[in-house]
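Asks: here is a sequence with its predicted model. Questions after.
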Amino acid sequence: MYTIDLHVHTAESNYCGRLSAWEIVKRYAEAGYQGIVITDHYNEGFFKRFLDMSWAEKVDQFLVGYRTAYTLGKRVGLDIYLGMEYRDTSCLNDYVILGLDERFLYQNPELYLAGIEEASKRFHEVGAFVDQAHPCRPGVCSLADPKVLDGMEVYNGSAQWRYNRVEAKRLSTEHHLIPLSGSDTHLAEEVGHGGLILDNTISSAKHLITEIRKSHYKLIETDFVSSMPIRNA
């Protein structure tokens, strides 16, 4: 077995993250996970904060959380994978992207301006996996064109937003999208409430995607009582 969370944010590279990379690594190792995907927000709002920087310098800023977590993960035996939570400028839909490398980020500047259709095409050209994050967040997000997707979160563990899991599972089945789970960790109380328990140990992001496509996993869907007010109650 191999337990991994697909949707985790760091304070270093995420304007709404509350946990440092070290806190993330420490807490997930203590929770018994073997791996996590760092999916800091890749959108116009993040990058416009660095107006006087080159694109390469902006990507360096985006990667601070991932790189810090990766180094610390080596110390404690926690595998750290690079991902992103992508959003274009057309709406509030978000997409967890698995299987990217740093070179892709440097070679595809301002991809948030391209729109999800073009971005999805580029993601797929390098073998990445497009997982729509929380499409059933009432009044905020909606399901994208299934043609640009590989999967969708049927469970999202954010303490800050209401999520319609019944509708998410229905849509996943109706549109033949791979059902996935992520904790969407920004806060300490969100650590370890989502993710996958894989049948097999994985050795790379590409291996992770292969195991997901083969359905060699179980969803983690841990209910908990949050101390946070719900934004779309």
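Replies: Received, thanks. Residues are numbered from 1 along each chain as shown.
Asks: buried residues in the lengthiest helix in the chain?
Replies: Counting by DSSP state H, the longest helix found in the chain is helix 64-76. Residues of helix 64-76 classed as buried under the neighbour-count rule (16 or more other CB atoms under 10 Å) are 64-70, 72-73. Just so you know, the C-beta spots here come from the backbone N, C-alpha and C atoms, and that holds for glycine as well.
Asks: for those, which one is nearest Gly194?
Replies: Nearest to Gly194, judged by CB to CB, of the buried residues of helix 64-76 is Ala69 at 17.3 Å.
Asks: contacting residues for that closest one?
Replies: Going by CB atoms under 8 Å, 6 or more residues apart in numbering, Ala69 touches 10, 21, 24-25, 36, 38, 80.
Asks: now those in CSV, with pLDDT, secondary structure and distance to His175?
Replies: Below are these laid out as CSV (pLDDT from 0 to 100; DSSP: H, G, I helix; E, B strand; the rest coil; distance: CB to CB, whole Å):
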residue, pLDDT, secondary structure, distance to His175
Thr10, 95, coil, 31
Ala21, 94, helix, 35
Ile24, 96, helix, 32
Val25, 97, helix, 35
Ile36, 98, strand, 27
Ile38, 97, strand, 27
Ile80, 98, strand, 31
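Asks: and which of these is nearest Glu117?
Replies: Here the nearest of the contacts of Ala69 to Glu117, counting by CB to CB, is Ile38; it sits at 25.2 Å.
Asks: so what's Ile202 up against?
Replies: 2, 4, 35, 79, 208, 211.
Asks: in those, find the pair that's most separated.
Replies: Asp79 and Glu211 (13.3 Å).
Asks: ranges for the strands of this structure?
Replies: All strands of the chain, identified by DSSP state E, fall at 2-8, 35-38, 41-42, 79-86, 94-98, 129-133, 151-156, 178-182, 194-198, 217-221.
Asks: make CSV out of these and add distance to Gln107.
Replies: Below are those laid out as CSV (distance: least, CB to CB, whole Å):
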stretch, distance to Gln107
strand 2-8, 24
strand 35-38, 20
strand 41-42, 14
strand 79-86, 14
strand 94-98, 15
strand 129-133, 18
strand 151-156, 25
strand 178-182, 26
strand 194-198, 29
strand 217-221, 31
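Asks: for this protein, where's the lowest mean pLDDT among helices and strands?
Replies: helix 44-47 (a mean of 94; mean pLDDT, DSSP states H and E).
Asks: packing partners for it?
Replies: helix 55-62 (3 or more CB pairs under 8 Å, 6 or more residues apart in numbering; DSSP states H and E).
Asks: measure the nearest residue to Ser158 once chain neighbours are set aside to Leu6 for me?
Replies: Residue nearest to Ser158 in three dimensions, not counting chain neighbours: Asp184, with 4.1 Å by CB to CB, 6 or more residues apart in numbering. Separation of Asp184 from Leu6 (CB to CB, to the nearest Å): 9 Å.
Asks: which neighbours do those two share?
Replies: Joint contacts of Asp184 and Leu6 (CB under 8 Å, 6+ apart) are Gly194.
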